[in-house]
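In: need a structure here:
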Amino acid sequence: MEKIEPSGDVDRPPAPNNEARLSSTSSGRSASLSSSDNDEISSQAEVETTVPGHELDVELGELRGAGELEKIGTRESARSKIYRIISTASGRSKGGLRQEPIPVSDLDAGIVGWDSQDDPAYPINFPAWKKWVLLGLVSLVTLTTPFASSILSPAISSVSEEFHNTSETVGAMTVSIYLVGYVIGPLFMAPLSEIYGRRLVLASANIFFCIWQIGCALAPNMASLIIFRLLCGIGGAGCLTLGGGVIADLFRTDQRGFAMGFWTLGPLFGPVIGPLIGGFVVETIGWRWDFWIVLILGGVIVVTLEIFNRETNHRILIQRKVVRLRKELGREDLRSCYDTGEAPSKLEILIHGLVRPLKLLALSPLVFFLSLYVAFVYGVLYLLFTTIPTLFESVYGFSVGLTGLVYLALGLGNFLGWLVITLWSDKSVVRLAQSNGGKFQPEMRLAISIFFGFFLPVTFFWYGWCAYYKVHWIASILSLIPFGFGIMGIFLPIMTYLVDCYPVFAASAIAANTVLRSLVGAFLPLAGPSMYETLGLGWGNSLLGFICVAMIPLPVIFYRFGGQLRASQKFKL
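Out: Sure thing, here's the model as predicted:
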């Protein structure tokens, strides 16, 4: 069987790659690993999850050679084009289907893997309905915890009044400190999911998140509220850390863009919905009920996860199979096909996992600069959350509840951006793959984000000067729509790009992004009051707009040179 080379320089798990092994697997006999394959297994770095990469590259190349891409109707949607390609390929005989094989069992050699290439226990082979149920559960949590991050925004003045706080910075910290938890949590949860599995870590994080909602609701002073909010953020980071890994576990490269689009609705819509509901809560039943509402919602999710969620981490699933077969067969020599042969301790795995996201940020320019772009955009989003109540209540005379409705403009922009991404992102990828000789490259994900980058600065110039000159409130509200639209087109393609670049280390790549994003999101809003006091709303927001303009070239640079940077990376993850 011809060996398929990946289109990008991506770390991969040990996998069998000779025709004899595939043939023996399909006939129901135990497959045997060659000595070269054993060497390959022993030399691989420890992995978080395993996915066959770049099937879109392979299939586009085959179909293009056969002239089939030219037959795709122009009236079809981008997604139907991709599925037509995949369906056409899937309809061929197994002998003609060129896919990267997965590691299978060879009990004679003491190696435990998947039963066959079509093993139903392999998460990528799950039925579509099961994949979307599992992703839906993670997405539900991912909506809830960002929702909790911003629900307190309209209540800052009420909280400060009750606790006799006169500092705007301390008041803003009750909201932004939550994001510091997003910095701490991912560093531990990514490696813990490698030791104990994604299901257990996600459930435990959500329980931790719920417990500290009680502390927030009963907080006796400002200091305790800030500490409890920090702890809530640590628990809330679980879904943001593990979501990308779950997607890499369940979906192939050609399916991953739409799945990421579904999952990232939470981090973008959650912070927008939070103030909308929080405004009416604080106005009617008091700010403490913000936390009781989140606790009720989180409790329902805890029960739902316990009933319906399943483990998806490939490595954990095979390790459990090893334990079971050792007992059943009485063979202590059996080992996982993903083992490196070193058998590191749990502490070593934890330390290595803690370092990996930081290593990606420090040594990978594409991870650092693209994460910095997302971090800045995320930071100014939370800066807007802290300034909107002040502007619309003091300048335009809105009530607290009515101010919450202002955030609908951001939500509308988010929805429009998500709609465009859904309809055009995959279409763009297919077109670029055709022009690249039928080969998919992760950088193709960034093409559409170049367009969206121009919308971000529009909001700050529009919003800032409308506020400065006290233009009619409708103008200030409408000015938020371009930002909501633009952030969707920045956030989603970049997150998908990172998963495509590091599919084996998807959780660490997302953790690296989350750490930097949350760090900036936590502290940038704290600089807002002094910045606006010095520069005013007009020039203060214009400064943010100029920074957004300066960052527009980043996706262009990595779209052009990202492949070369990935190829030149020498560090080991």
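In: by contact count, what packs against the strand or helix carrying Arg199?
Out: Taking DSSP states H and E as the criterion, the element that holds Arg199 is helix 198-217. Packing partners of helix 198-217 (3 or more CB pairs under 8 Å, 6 or more residues apart in numbering; DSSP states H and E): helix 128-150, helix 168-196, helix 222-250, helix 289-308. Bear in mind the C-beta positions are built from the backbone N, C-alpha and C, glycine included.
In: In TSV: the ones you listed, plus mean neighbour count and mean pLDDT.
Out: Listed next are the helices and strands packed on helix 198-217 as TSV, based on neighbours: other CB atoms under 10 Å; pLDDT from 0 to 100:
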stretch	mean neighbour count	mean pLDDT
helix 128-150	21	92
helix 168-196	24	86
helix 222-250	25	91
helix 289-308	17	94
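In: looking at those, which is closest to Ile349?
Out: The closest of the helices and strands packed on helix 198-217 to Ile349 is helix 168-196. By CB to CB, the value is 5.6 Å.
In: packing partners for the closest one?
Out: Counting contacts by 3+ CB pairs under 8 Å, 6+ apart, helix 168-196 is packed against helix 128-150, helix 156-162, helix 198-217, helix 222-250, helix 314-329, helix 346-363, helix 365-390, helix 506-551.
In: List phi and psi for His472.
Out: Dihedral pair for His472: phi -50, psi 140, per degrees, to the nearest 10.
In: Residue nearest the middle of this structure, spatially speaking?
Out: The centroid of the chain falls nearest to Gly244 when counting by CA atoms, centre = their mean (4.5 Å).
In: That one: what's it in contact with?
Out: By CB atoms under 8 Å, 6 or more residues apart in numbering, Gly244 lies in contact with Met260, Trp263, Met495, Leu498, Val499, Ala506, Ala507, Ala509, Ile510.
In: hang on, the earlier thing: please convert the helices and strands packed on helix 198-217 to a markdown table, extending it with distance to Val281.
Out: Listed next are the helices and strands packed on helix 198-217 as a markdown table, based on distance: least, CB to CB, whole Å:
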| stretch | distance to Val281 |
| --- | --- |
| helix 128-150 | 12 |
| helix 168-196 | 15 |
| helix 222-250 | 16 |
| helix 289-308 | 5 |
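In: between those, which gets nearest to Pro389?
Out: Nearest to Pro389, of all those, is helix 168-196, at 10.2 Å by CB to CB.
In: What does Arg335 show for phi and psi?
Out: For Arg335, the backbone dihedrals (degrees, to the nearest 10) come out as phi -140, psi 160.
In: If I look at it, what pLDDT would I see?
Out: Here the pLDDT value assigned to Arg335 is 88.
In: Okay, now the unreliable bits of the chain?
Out: Within the chain, the segments meeting pLDDT under 70 span 1-100, 340-343, 426, 573.
In: so what are the domain limits for it?
Out: Using automatic domain parsing, the domain parsing of the chain gives 19-39+53-112, 123-312+358-568.
In: So for Leu329, which of those domains sits nearest?
Out: domain 19-39+53-112 (7.8 Å).
In: if we can go back for a sec, show me what contacts the residue lying closest to the residue nearest to the centre of the chain once chain neighbours are set aside?
Out: Once flanking residues are discounted, Gly244 sits nearest to Ile510: 3.5 Å by CB to CB, 6 or more residues apart in numbering. By CB under 8 Å, 6+ apart, the contact list for Ile510 reads Pro186, Leu240, Thr241, Gly243, Gly244, Gly245, Met495, Leu498, Val499.
In: thinking again about what came up before, pull out the buried positions in the helix holding Arg199.
Out: The neighbour-count check on helix 198-217 (16 or more other CB atoms under 10 Å) flags 198-199, 201-210, 212-213, 215-217 as buried.
In: Distance to Trp418 added to the helices and strands packed on helix 168-196, as CSV?
Out: Shown next, in CSV, are the helices and strands packed on helix 168-196 (distance: least, CB to CB, whole Å):
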stretch, distance to Trp418
helix 128-150, 13
helix 156-162, 28
helix 198-217, 24
helix 222-250, 16
helix 314-329, 29
helix 346-363, 27
helix 365-390, 15
helix 506-551, 18
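In: Indicate which one of the helices and strands packed on helix 198-217 is closest to His314.
Out: Going by CB to CB, the one of these nearest His314 is helix 222-250, 6.3 Å.
In: got the angle for that closest one vs helix 168-196?
Out: If you take axes from the mean of the first three to the mean of the last three CA atoms, to 10 degrees, helix 222-250 sits at 40 degrees to helix 168-196.
In: Many thanks, I have nothing further to ask.
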